[in-house]
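>>> structural data only, the sequence is not supplied:
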Ligand SMILES: Cc1cc2nc3c(=O)[nH]c(=O)nc-3n(C[C@H](O)[C@H](O)[C@H](O)COP(=O)(O)O)c2cc1C
């Protein structure tokens, strides 16, 4: 094989950067995450170290928001990955609104997904919250005429672990299912 085996490392990157929101002891808290993904057509998974402050609230209330980060608020989002609610109160870090289902949602996020926790796959001191999508809140500026999220305009920030760098969604390179037409 021409490829080099670089070992059993994490290599499924880049991945979208999100700020997870949840209520802990009646106040919102926010945690940056890059390890999340789609499950079925109805759920998303969020992978969070069990020792994180936010996990307590998610386990208790079973509600969380997934706020998709774009460059306009990357600086504030990044901060949520460098400080912990275990030491610092993060409840005032963002202007927020309570979602219709009880999860706090960041006002600056152009796309926020409100979820209910359906299950938890515990692995290697991580909670993997299986989250049923209850609502998606999108800023009008992020939508196209058909009311769908317009990724030509709304450009999620992406992250990769090996070098700890942020990227932004790039150029369109084709139309799905029509590449061989
Ligand atoms: C770019 C970036 C991505 C991160 N992704 C994750 C992640 O997917 N899962 C996780 O458990 N922690 C992740 N972290 C670490 C947490 O955001 C960080 O430890 C945070 O302070 C925990 O906050 P809390 O204790 O208030 O919940 C990431 C940090 C950064 C900077």
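Done, it's in. Everything numeric here is computed off the predicted structure, so don't read it as measured data.
>>> hey, let's count contacts and neighbours off CA atoms from now on
Noted.
>>> just say helix, strand or coil for residue 56.
State at residue 56, reduced to three classes by DSSP: H, G, I helix; E, B strand; the rest coil: helix.
>>> and if you look at residue 113?
strand.
>>> hang on, it packs against residue 133?
Yes - when contacts are counted by CA atoms under 8 Å, residue 113 is listed as touching residue 133 (6.7 Å).
>>> more neighbours: which of the two?
Ranked by neighbour count (other CA atoms under 10 Å), residue 113 and residue 133 place residue 113 first, with 22 against 19.
>>> next, the contact list for that one, please.
Applying CA atoms under 8 Å, 6 or more residues apart in numbering to residue 113 gives the contacts 65-67, 133-137.
>>> could you give the bridge partners of it?
For residue 113, the beta-bridge partners under DSSP bridges are residue 66, residue 136.
>>> look up how far the ligand lies from it.
Distance from residue 113 to the ligand, counting by CA to the nearest ligand atom, to the nearest Å: 16 Å.
>>> please apply the same query to residue 146.
From residue 146 across to the ligand, the span is 32 Å (CA to the nearest ligand atom).
>>> now that residue: phi and psi?
Main-chain dihedrals, residue 146, degrees, to the nearest 10: phi -90, psi 0.
>>> next one, pLDDT for it please.
At residue 146, the predicted lDDT confidence score is 97.
>>> one more: the one 4 residues further on?
With respect to pLDDT, residue 150 scores 97.
>>> over to residue 181?
Per-residue pLDDT puts residue 181 at 80.
>>> could you report the neighbour count for it?
The number of residues packed near residue 181 is 4, by other CA under 10 Å.
>>> also residue 81?
Residue 81: 14 neighbours (other CA under 10 Å).
>>> and if you look at the one 3 residues further on?
Number of residues near residue 84 (other CA under 10 Å) recorded here: 18.
>>> and the residue nearest to it when sequence neighbours are not counted, its phi and psi?
Distance criterion CA to CA, 6 or more residues apart in numbering; nearest residue to residue 84, sequence neighbours excluded, is residue 53 at 6.6 Å. Dihedral angles of residue 53 (phi, psi; degrees, to the nearest 10) stand at phi -60, psi -40.
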